[in-house]
Every structure is written in C-alpha cells, then in structure tokens.
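[1] Curious how this folds, go ahead:
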Amino acid sequence: MSSEQAGPKRLKAATDWRELHQRIEAARLAVDGASVPDAGILRQRARVLAREPARAESADAPEWVEFLLAQEKYALESRHVREVHVLEDLTPLPCTPDFVLGIVNLRGEILSVIDLKKFFGLPEKGLTDLNKIIVLESANMRFGVLADAILGVRRIPSAEIQPSLPTLTGIREKYLKGVSRERTVLLDAGKLLADEAIIVQEQV
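    Residues are numbered from 1 along each chain as shown. Purely as a prediction, here's the structure:
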C-alpha cells in the first residue's frame with residue numbers, strides 16, 4: 001500500500017475521533033443540565049419536605065408547659081394555656097374552698113387563682129416572688145393555677161407517655177393524663193377546666 005493511499009484513511013480516522021468526542025461532550029452537558037433543577041424548584045421541595053415532619057411532630061408530640069409544684073415536675077398541654085403571668089395583687093375571697101387562693105386583676109379581667117398543691121394535698125410553702133399563674137382557658141371557663149416556678153415548654157412524644165405511677169393516687173390520679181419518661185406528671189387541663197368543684201362563684 002502506498003503512502004498516498006494510507007494518508008486519507010489516517011486523516012478520516014482522526015476526524016471521526018474529534019466528532020465522537022464532541023458528541024460525548026454534548027451528551028454530558030445535556031445530562032448535567034437536565035439533572036440540576038431550578039433553584040426555585042429546590043426551595044419549593046425543601047418547604048414541602050419540612051412541612052410534613054412538622055405536621056407529624058405536632059400530632060404525635062404535643063407541647064407541654066412544665067412547672068414545679070412542691071419540688072415535683074408537672075405539665076399542662078399548651079393548647080389549654082392562654083398565658084403565664086407573675087402572681088401579684090392577689091385578693092383573698094371569703095367563703096370559698098381553701099384551694100382557692102383568691103382573685104387577681106389581669107389587665108382588667110378578674111380571674112380566680114387555684115392552688116393545686118392544696119387541691120392535690122401536696123406539701124405547701126408560702127408564696128414568693130417566683131410564683132407564677134398559668135392561665136387555663138376553654139370555651140366556657142378560664143382561671144389561673146399557681147406554679148412554684150415555670151420550667152419551660154417542650155414537646156413530649158405521645159408514645160413516651162406512661163399511664164401512671166404507683167405514687168400517684170387519690171385526687172391527682174383523677175386529673176392525670178400520664179407520666180413522661182422523666183417522671184413529669186402530665187395533668188389533664190380539660191378535666192380541670194370542666195370540673196364544677198373548681199368553679200368559683202364570684203358573686204359570693
């Protein structure tokens with residue numbers, strides 16, 4: 001075979017390789033371009049993914065307001081809590097049960113204050129500047145319960161709530177919703193708000 005005959009074949013082979021490389025590069029760019037979503041789409045996907053766990057967490061781990069009573073930890077579900085306020089300007093009420101501390105004027109609204117320590121028969125101590133009022137509210141009832149101190153708000157998964165403890169007997173057991181793994185006593189605020197024994201007739 002002469003050199004003149006071999007030359008065109010080598011040139012043709014070189015041209016084919018360049019074309020093949022160009023096609024591979026074009027295909028790679030096309031695949032890369034298709035695999036990278038628009039930034040707006042990414043943000044939208046992130047929002048959707050974030051919302052789903054939040055809904056599940058809200059249903060399976062409701063919020064509880066933790067507080068101290070006689071050195072024990074208690075909690076009330078936050079959906080029944082309207083606000084927490086410092087105890088001040090308490091006015092005693094005559095002819096009421098001993099667990100009714102009195103009434104307070106909260107921004108022009110008169111609220112009765114219940115001492116759960118007396119109501120549950122727990123050890124008592126005098127009032128201090130640390131005492132707080134947890135205002136409970138339902139459609140038909142509103143009053144404050146006394147807390148020795150507020151510990152904070154946290155979520156407790158429903159699966160972790162135990163039915164009771166051997167030490168919780170008597171009246172406390174009636175208003176018990178469960179006990180957390182950390183031995184926090186979870187009270188049923190709905191039952192407290194619906195109990196006629198706690199209702200204070202303010203005209204007395």
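
[2] Give me the neighbour count for Lys73.
    16 (other CB atoms under 10 Å). For the C-beta atoms, the positions are set from N, CA and C on the backbone; glycine is no exception.

[3] That one is in what secondary structure piece?
    Assigned by DSSP states H and E, Lys73 belongs to strand 72-77.

[4] mean confidence score for that strand?
    Mean per-residue pLDDT for strand 72-77: 94.

[5] what's the answer for stretch 124-134, then?
    Regarding stretch 124-134, the rounded mean pLDDT is 77.

[6] What is the end-to-end distance of that stretch?
    Terminal residues of stretch 124-134 are spaced 18 Å apart (CA to CA, to the nearest Å).

[7] confidence score at Gly121?
    83.

[8] which residues does Asn131 contact?
    Contacts for Asn131 (CB atoms under 8 Å, 6 or more residues apart in numbering) come out as 86-87, 146-149.

[9] Take these and write them to a markdown table, including secondary structure, distance to Ser112 and pLDDT.
    Listed next are these as a markdown table, based on DSSP: H, G, I helix; E, B strand; the rest coil; distance: CB to CB, whole Å; pLDDT from 0 to 100:
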| residue | secondary structure | distance to Ser112 | pLDDT |
| --- | --- | --- | --- |
| Val86 | strand | 17 | 91 |
| Leu87 | coil | 13 | 89 |
| Leu146 | strand | 11 | 93 |
| Ala147 | strand | 15 | 93 |
| Asp148 | coil | 19 | 91 |
| Ala149 | strand | 21 | 91 |
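
[10] Kindly write the ChimeraX command that selects the buried subset of the residues you listed.
    Here is the ChimeraX command that selects the buried residues among the contacts of Asn131 (16 or more other CB atoms under 10 Å):
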select :87,146,147,148
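
[11] What segments of the chain are helices?
    3-35, 39-60, 116-120, 171-174, 189-194 (DSSP state H).

[12] how about the CA coordinates for stretch 61-75, as PDB?
    What follows is stretch 61-75, C-alpha atoms only, in PDB (Å, rounded to 0.1, in the frame of the first residue of the first chain):
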ATOM      1  CA  ALA A  61     -45.600  15.200  70.200                       C
ATOM      2  CA  PRO A  62     -47.800  18.000  71.600                       C
ATOM      3  CA  GLU A  63     -46.300  20.900  73.500                       C
ATOM      4  CA  TRP A  64     -46.500  20.900  77.300                       C
ATOM      5  CA  VAL A  65     -45.800  23.800  79.800                       C
ATOM      6  CA  GLU A  66     -43.700  22.300  82.600                       C
ATOM      7  CA  PHE A  67     -43.700  23.800  86.100                       C
ATOM      8  CA  LEU A  68     -42.800  23.000  89.700                       C
ATOM      9  CA  LEU A  69     -45.200  22.100  92.400                       C
ATOM     10  CA  ALA A  70     -43.800  21.100  95.800                       C
ATOM     11  CA  GLN A  71     -40.500  20.100  94.200                       C
ATOM     12  CA  GLU A  72     -42.200  17.800  91.700                       C
ATOM     13  CA  LYS A  73     -42.400  18.400  88.000                       C
ATOM     14  CA  TYR A  74     -45.900  18.900  86.400                       C
ATOM     15  CA  ALA A  75     -47.000  19.900  83.000                       C
END
